[in-house]
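Visitor: Let's see this in three dimensions:
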Amino acid sequence: MENFDEILKKIINESKEGTLKKAMEYSLLSGGKRFRPLLGVKVLESYGINPLPYIDALLSVEMVHTYSLIHDDLPAMDDDQLRRGKPTVHRAFDEATAILAGDGLLTDAFEVISTHKYLTDTQKVKMITILASHAGSNGMVYGQMLDLENEEKESNLETLNEIHLHKTARLLQAPMMMASVIAKEGDIHIWELIGYHLGMAFQIQDDLLEIISDEETMGKSLSDTRNNKTTYVKLLGLEESKEAVNNHFEKIDELLATLKLNSSPIQTVFLKVKMRQH
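Guide: Okay, here's the model as predicted:
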């Protein structure tokens, strides 16, 4: 959505001028697909709700996601040199600035929701709770810790699923659940399940793409291969991995069919994701 970046610029412009702001801009406005906020927008559209008043609240997830990428790329973690086709933040600036830029984006994300003029106080609390729980020590951060602990180990499928449920799926669940708070709170659990299957399919696809792509095509360093991490392709093989992706999308279709909404907008996004491996 073309006004995603415009709104992100307005959010960042609230920060004080200086190196920190430049690093936050560099990372946040570097051409990401904005997939997570797009999920929230399409959920709202599927319920017949105009998403425009709520886009900035949904972009809080993009801010958290970008912070996680900055920290994930650091030398202490994946030590990646390339992200979205550009030098990673610690390479473009320095390691300390990268850490602080991530800290700034994470913290400011919650301010965006808490000061939102169209959300009720109850909606704000529920959306902040969803984002915090899916990003923090029971969510994405926990998944990153598991990932680090299992580097250079031969992980089994159960461990790999646990890693990517938290590291990948949690931040895909969050925007759809946050949109459900606005549209129909009673459907939150269904969107959580949909986000789980989407996240697992997304990660298996990433593992497949890392096998067949190079860094220029992917737009990021292929650190999983370099760090000898266990992947779905290593455990399942190519054909079983592709079958697993299809099974997750079948589950998504079944769950969508239980909801009373015009699912065309969100189904369009899911179809684009499904086609990534082809």
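
Visitor: Give me the buried positions along the helix ranked longest in the chain.
Guide: Of all the segments of type helix in the chain, defined by DSSP state H, the longest one is helix 188-212. Residues of helix 188-212 classed as buried by neighbour count (16 or more other C-beta atoms under 10 Å): 188, 190-208, 210. Just so you know, the C-beta spots here come from the backbone N, C-alpha and C atoms, and that holds for glycine as well.

Visitor: For His197, see how far away Glu250 is.
Guide: Computed as C-beta to C-beta, to the nearest Å, the Glu250 to His197 distance reads 9 Å.

Visitor: what's the longest helix of the chain packed up against?
Guide: helix 157-164, helix 170-183, helix 223-226, helix 232-236, helix 238-256, helix 264-274 (3 or more C-beta pairs under 8 Å, 6 or more residues apart in numbering; DSSP states H and E).

Visitor: for that helix, what is the average pLDDT?
Guide: Mean per-residue pLDDT for helix 188-212: 94.

Visitor: what does stretch 267-278 give?
Guide: The model assigns stretch 267-278 a mean pLDDT of 85.

Visitor: Mind listing what's buried along it?
Guide: For stretch 267-278, by 16+ other C-beta under 10 Å, it's Gln267, Val269, Phe270, Val273, Lys274, Gln277.

Visitor: Show the end-to-end separation of stretch 183-192, please.
Guide: From its first residue to its last, stretch 183-192 covers 14 Å (C-alpha to C-alpha, to the nearest Å).

Visitor: Going by neighbour count, list what's buried in the helix or strand harbouring Leu39.
Guide: Assigned by DSSP states H and E, Leu39 falls within helix 35-46. The neighbour-count check on helix 35-46 (16+ other C-beta under 10 Å) flags Phe35, Arg36, Pro37, Leu38, Leu39, Gly40, Val41, Lys42, Val43, Leu44, Glu45, Ser46 as buried.

Visitor: Quick check: of the residues you listed, which lies closest to Glu95?
Guide: Comparing those against Glu95 with C-beta to C-beta picks out Arg36 as the nearest, at 25.9 Å.

Visitor: Please identify which helix or strand holds Pro153.
Guide: To be clear, residue 153 is Lys; Pro isn't right here. Applying DSSP H and E, one finds Lys153 in no helix or strand.

Visitor: any idea what the nearest residue to it once chain neighbours are set aside is structurally, helix, strand or coil?
Guide: Take Lys153 and drop its neighbours on the chain: the residue closest to it by C-beta to C-beta, 6 or more residues apart in numbering is Thr230, 7.1 Å away. Secondary structure, DSSP: H, G, I helix; E, B strand; the rest coil: Thr230 is coil.

Visitor: Rounded mean pLDDT for the helix or strand where Arg91 lies, please.
Guide: Using DSSP H and E, Arg91 sits in helix 89-92. Averaging pLDDT along helix 89-92 gives 95.
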